[in-house]
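[1] Generate coordinates for the sequence data below:
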Amino acid sequence: MDPQKYKALFVSESREILSSFQNELLKFERQEAGREPIDALFRAAHSLKGMAAAMSYTGFADLAHAMEDLADHGRRTGTLPTEAVDLMLEGRDRLSALLDEVEANDEVSFDTEELIGRVRQQQRALEVPLGADAASAPAPKSASAHAPEPPISGANLTRVAVRFSPDSPAPQVRAFMLHRQLAQRAEVVELSPSLDELKAGRFPDRTLVLTVRVAPDKLDALLAQARVGTDVEQVDDLGPPQRRRIDQPSGEPEIGEAQRTVRVRTEILDEFIDSVGELLRARDRLRAVSEQLDLPELNEIADELVVLTKDLHERVMSARMTPLSLLTERLPRVVRDLARNSGRPVELSVEGADIELDRALLDELHAAVLHIVRNAVDHGHEEAEARAAVDKPAALSLVVRATRDRDHVLIEVEDDGRGIDPARLRARAVEVGLLDEARAQALSDPDAIELICAPGFSTAEQVTEVSGRGVGMDAVRSTVERLGGDLQIRSELGQGTRFTLRLPLTMAIIGVMLVESGDAVFAIPTNRVSHARDFTPAQLTSSCGESLVRIEGELLPFFDLGALLGNSDAAGPVEGTVVLVKDTSGVAAVRVDRIAGLQEVVVKPLGSPLASVDFLAGAALLADGRPTFVLDVSKLVRQEAAAA
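    The predicted model follows:
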């Protein structure tokens, strides 16, 4: 087979297996779920070895083989020392780096000999009985040292059916490998599916049927030499060709589950979303025209198109939805490394990892969640003596939790550490010149805690690899808000801290309220809008220089959109309409000239220099073809309030 043809599949499958490998190794180290993690670990290493061997990536396969043998020791003994786990994780990282090289380059130097030597040395040390000389122990054979045995031949023809398990990655590649290994040892007379069918991806029931010239009593030895591994679910000796007709196994569907699952690149889904967005815009234009012409038949077609496009939109969005586990599965390794480097034990638990979010959101969120987790260990973890003094267990409890809230997802990162000291934050803000003494002391404790999100603000005494550079929480908040979400911080000194990220399920196509200010039309995401009301000047008042409006018996901060954007004369308020916008700090009333309606739009990112304007969330084309800016009005209001 042509390895280049299957390179993308190899890289994709191997990355998934490496992710599983890491997670199962950490579970085994924590002694979770009995034997399951170490068995899964062994299978993962075995699969990597087989796939790499089929692709002729020898150095990759040799390292995976060494890791497989070390995992086998864990299977037999039920334990692996920390040093062995460290080596396995280093091997996993090296394989991951090799995958990056394979994906980027046609020629890759699989230089793994030094690491293989250390893995083998660790295995020899584990295998030698207590008191024996480790240097004299025989080294296990590596994959490259395995010389093909002489071909086995015989007068008899035997048919054998090899069925791969449902969770076997890339079964057609495994089938190629098995055929190749059998052909080195015996004459393969017939193959079903054929090599051409396998190359075309037609492997419907994951079963490879071979007619091999070998005596029946030699079949088991032949398969053993071909190294049929744990990915194989069942091997059936079907006997001579004339003795038994080879039918499809009973009860099996014609096309297996693996053939009903298709891998699609995320950029293709992004393009699909753009096309659906254009279709939605064309739908809205058609509906507007149908209302103007008042033609019953056209109105009926427009209504039908609304239903169809809504269904299409939901289906496309469901294709982009990805479980949160894509993000959380990376955290156990991060937490383990942080805990080991700092010498502070941490107990991590993840809840709600099956909740789904738009893949684009997950890609953006990884760095933000990772930073919060790092801060919890670096800033929130007290020393063991301090925790013991207040009857806390030595290990910091760190929980990452996801829950659904209608059309939003809440991601919480909570620890039981030292908490955030608002008095220290006030003093630090004065020290770095962020606030004067009077304004700092006037801050409530919740507002003082929000200071950690100020640009360049840090309370770390010294810069470390983890924190202290003052470029963290402000970037986290900016990321969350750019994705249409909110960040809430709750902390109690001595009890712990909880960060809550409230995010929309998707951000590609969103509902917006269109508002007019002067001659301009702007879009406000509907998830930021509470409701809209008319008002009169009699409802306006002021306090301490701040404009307020009384709405439904409640005094709310009042802002004029035209004045905020600098595109109208804000000499004095007049009666009109206010849009009540909400964020984590509460509700504010924003005056607009008119509400122009609701639409669904595709939000496009802004280029330079507009991308630097914080209150612009993006741009969109309206149904009539006009461009508009999508505003993050709540952030605009916060900036104006801070300036005042």
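
[2] Quick one: classify A353 as helix, strand or coil.
    Following DSSP: H, G, I helix; E, B strand; the rest coil, A353 is assigned to coil.

[3] mind checking pLDDT for it?
    A353 carries a pLDDT value of 89.

[4] where do the strands sit along the stretch 51-200 of the chain?
    With DSSP state E, counting those that start in this stretch as the criterion, the stretch 51-200 of the chain has strands at 157-164, 187-192.

[5] Only C-alpha atoms, please: export the shortest one in CSV.
    Below are the C-alpha coordinates for strand 187-192, written out as CSV (Å, rounded to 0.1, in the frame of the first residue of the first chain):
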residue,chain,number,x,y,z
GLU,A,187,0.8,-18.1,0.2
VAL,A,188,-2.4,-16.1,0.4
VAL,A,189,-4.5,-17.4,-2.5
GLU,A,190,-7.6,-15.3,-2.0
LEU,A,191,-8.6,-12.2,0.0
SER,A,192,-12.0,-10.8,0.7
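
[6] still on that earlier bit, just the strands of the stretch 51-200 of the chain: most buried one?
    The highest average neighbour count among those, using mean count of other C-beta atoms under 10 Å, belongs to strand 157-164 at a mean of 21. All C-beta spots, glycine's among them, are computed from the backbone N, C-alpha and C.

[7] A helix includes V581, no?
    No. V581 is assigned strand when assessed by three-state DSSP, not a helix.

[8] beta partners for it?
    V529, A588 (DSSP bridges).

[9] Look up how far S349 lies from it.
    To S349, V581 is 36 Å away according to C-beta to C-beta, to the nearest Å.

[10] neighbour-wise, which of these two wins?
    More crowded of V581 and S349, by other C-beta atoms under 10 Å: V581, with 26 against 11.

[11] between the strands of the stretch 51-200 of the chain, which gets nearest to A596?
    For the strands of the stretch 51-200 of the chain, the distance to A596 is smallest for strand 157-164, at 58.5 Å, taking C-beta to C-beta.

[12] Adjacent strands (with direction) for that closest one?
    According to DSSP bridges, strand 157-164 has the following sheet partners: strand 207-213 (antiparallel), strand 232-239 (antiparallel).

[13] and the first one with strand 187-192, angle?
    When axes from the mean of the first three to the mean of the last three C-alpha atoms, to 10 degrees is applied, the directions of strand 207-213 and strand 187-192 differ by 150 degrees.

[14] average pLDDT across strand 207-213?
    Averaging pLDDT along strand 207-213 gives 83.

[15] same check, this time on stretch 318-325
    The average pLDDT within stretch 318-325 is 83.

[16] do stretch 123-135 as well
    Averaging pLDDT along stretch 123-135 gives 61.

[17] wait, what's in contact with E197?
    By C-beta atoms under 8 Å, 6 or more residues apart in numbering, E197 lies in contact with F203.

[18] Put together a markdown table for the strands of the stretch 51-200 of the chain, with mean pLDDT and distance to I301 on each row.
    Formatted as a markdown table, those follow (pLDDT from 0 to 100; distance: least, C-beta to C-beta, whole Å):
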| stretch | mean pLDDT | distance to I301 |
| --- | --- | --- |
| strand 157-164 | 82 | 50 |
| strand 187-192 | 80 | 51 |
